[in-house]
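**Q** Fold the following, please.
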Amino acid sequence: MELAVLSLSFLFFLLLGLPVAFGIGLACIATFIAEGLPFETSIQMMTSGMNVFSFLAIPFFIFSGELMLHGGIADKIVNFARSLVGHWKGGLGLANVVACTLFGGVSGSPIADTSAMGGVMIPIMKKEGYSAAYAVNVTTHASLSGALMPTSHNMIIYAFAAQSASGMIDGHLIKGVSIGDLMFAGLIPVFWIMVCMLIAAYWQAVRFGYPKREDGSSRVEVFPGWSAVLTSFIASLPGLAVVGIILICILNGVATATEAAAIAVAYSIFLTVFIYRTMTVDRFLKSLAKASKTTGIIMLLIGVSNMLRYQMAYLEIPDAIEHALYATTHTPWIMLLLINVIQVFLGIFLDMAAHILITTPLFLPLAIQMGVGPVQFGMMLLLNCALGLVHPPVGSVQFIGCAIGNVSIGEATKTAWPYYLAIFTAINIVTYVAVFSTWLPSLITGHTVL
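**A** Residues are numbered from 1 along each chain as shown. Have a look, this model is predicted:
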């Protein structure tokens, strides 16, 4: 009975068009009432979910990304990417992929990445003879790499959700997951996402003859020379250095992830105010306001998701899902495939933060039993969650890209399948080839990472 109340009320609130956070919260409150539990318990679960010290890293990482976004860092990264690959066939599309990947390391957010790169690149691409749908799809899908970058606040959320996970894999005791390991683990998957996106963007540009003028002719930029590439790289290097600063601080034990995030904010302010001199009072206040709003939304999602986690544990939903999957198959690769399929389906309805918080306690224990460690599973989960950002109805990244490109969601989706295929390829690589996630952090930290 209580499970029916939880699921049906959540579906009802989604159909009403309520934001996901309110839908989860109201569904949980309705279930608390149906169970006869005190209303105060729901509020206690919500506040305890948000009252976690490590979550201080979230507003810092978000604020750092907003400062970089409004501080003109995007223009310098675009110039570097365009000078590097802009002379190839479909050069602006390829430059867009490289620029989105690089800025994803600066912002740590697919939404900020799309806003920054889309605002710069989509109008230029349309003007130079690329279709609006192509420009939007390249931008939105390449921006998903920001979810796996060291500056990503989603890694902090996953580390919190995975803290109770435990088990044994190949004689190694698993207890939670290190944020530092996660930050290093994302670098190689991000590289392969970029490679897959470059292939998809290049193939589509060749197929449709981009860039294409109104008379049907095509024009490709001239390579500016390696000196120009070096000059543009040096100009963009101070902005890109924020990734290295965070990783070095954590690796050397200089700072925790939360302190490294605060250092990133201080560095972003220093860079945009004193080095680039692009930060104004108005831009700073916009950055602060946007970071505050985004933090508020995420923390609300964290709070209501903790209510939902309590309800799932109370109703023994994780055990039921585990038994159902075990009844289907005992083969590890099929089990992981089923988990990926379920994750993709849930991404249609859930925001990324809620998706991570809800599904991690459901599937991570099962993944550990299949021999998949929390770091590898984290990369797999973050990619699946990021995919939900580019398809409706909760596809916030795709909505932003389509708004910038002045193109409908339907029109953009018609030609998006090569980029979906690229993301699915990256998901399968991370799922079934553990070294892509675990080799680099194991090499750098000197201990076995699973």
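**Q** Can you give me the end-to-end span of stretch 321-338?
**A** Stretch 321-338 has an end-to-end distance of 12 Å (criterion: CA to CA, to the nearest Å).
**Q** Pull the residues that contact that stretch.
**A** Stretch 321-338 is contacted from outside by I339, L362, F363, P365, L366, A367, M370, G371, V372, M380, T431, Y432, using CB atoms under 8 Å, 6 or more residues apart in numbering. C-betas here are computed from N, CA, C, even on glycine.
**Q** Quick check on the residues you listed: which are buried?
**A** I339, L362, F363, P365, L366, A367, M370, V372, M380, T431 (16 or more other CB atoms under 10 Å).
**Q** What residues does the closest residue in space to I73 that isn't next to it in sequence make contact with?
**A** In this structure, I73 finds its nearest non-sequential neighbour in G239, 3.9 Å apart by CB to CB, 6 or more residues apart in numbering. Neighbouring residues of G239 by CB under 8 Å, 6+ apart: M68, I73, K76, I77, V106, L271, Y276.
**Q** how does it look with 10 Å?
**A** 68, 71-77, 80, 102-103, 105-106, 267-268, 271-272, 275-276 (CB atoms under 10 Å, 6 or more residues apart in numbering).
**Q** Which helix in this protein has the most residues?
**A** helix 281-314 (DSSP state H).
**Q** and that one, average pLDDT?
**A** What helix 281-314 shows for mean pLDDT is 83.
**Q** ok, which stretches of the stretch 101-250 of the chain are helices?
**A** For the stretch 101-250 of the chain, the helices defined by DSSP state H, counting those that start in this stretch cover 110-127, 132-142, 153-161, 179-185, 187-208, 226-251.
**Q** got a list of contacts for stretch 277-289?
**A** Here stretch 277-289 makes contact (CB under 10 Å, 6+ apart) with 62-73, 75-76, 268-273.
**Q** What's the ChimeraX line that selects buried ones from the residues you listed?
**A** Command for ChimeraX that selects the buried part of these, burial taken from 16+ other CB under 10 Å:
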select :62,63,64,65,66,67,68,69,70,71,72,73,75,76,268,269,271,272
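**Q** H391 against V344, yeah?
**A** Yes: H391 lies in contact with V344 (CB atoms under 10 Å); the separation is 9.1 Å.
**Q** Mind listing the shared neighbours of the two?
**A** Common neighbours of H391 and V344 (CB under 10 Å, 6+ apart) are Y420.
**Q** ok, A291 touching M68?
**A** No: with contact defined as CB under 10 Å, A291 does not reach M68; the gap is 11.3 Å.
**Q** okay, and the common contacts of those two?
**A** A112.
**Q** In helices, which of the contacts of stretch 321-338 fall?
**A** Per DSSP H, the contacts of stretch 321-338 map to helices at I339, L362, F363, P365, L366, A367, M380, T431, Y432.
**Q** On the pLDDT front, check G216 for me.
**A** 55.
**Q** swap that for A201, sorry
**A** 90.
**Q** What is the burial count for it?
**A** Residues near A201, counting by other CB atoms under 10 Å, number 29.
**Q** Distance check, it against V138.
**A** To V138, A201 is 5 Å away according to CB to CB, to the nearest Å.
**Q** what touches both of the two?
**A** Residues touching both A201 and V138 (CB under 10 Å, 6+ apart): G90, L92, G93, L94, A95, N96, V97, P418, Y419.
**Q** what's near enough to touch the third one?
**A** Contact partners of G93, counting by CB under 10 Å, 6+ apart, are 85-86, 121, 125, 130, 134-135, 137-139, 142, 197-198, 200-202, 204-205, 210-211.
**Q** what about 8 Å?
**A** Residues counted as contacts of G93 (CB under 8 Å, 6+ apart) are M125, Y130, Y134, A135, V138, A201, Y202, Q204, A205, Y210.
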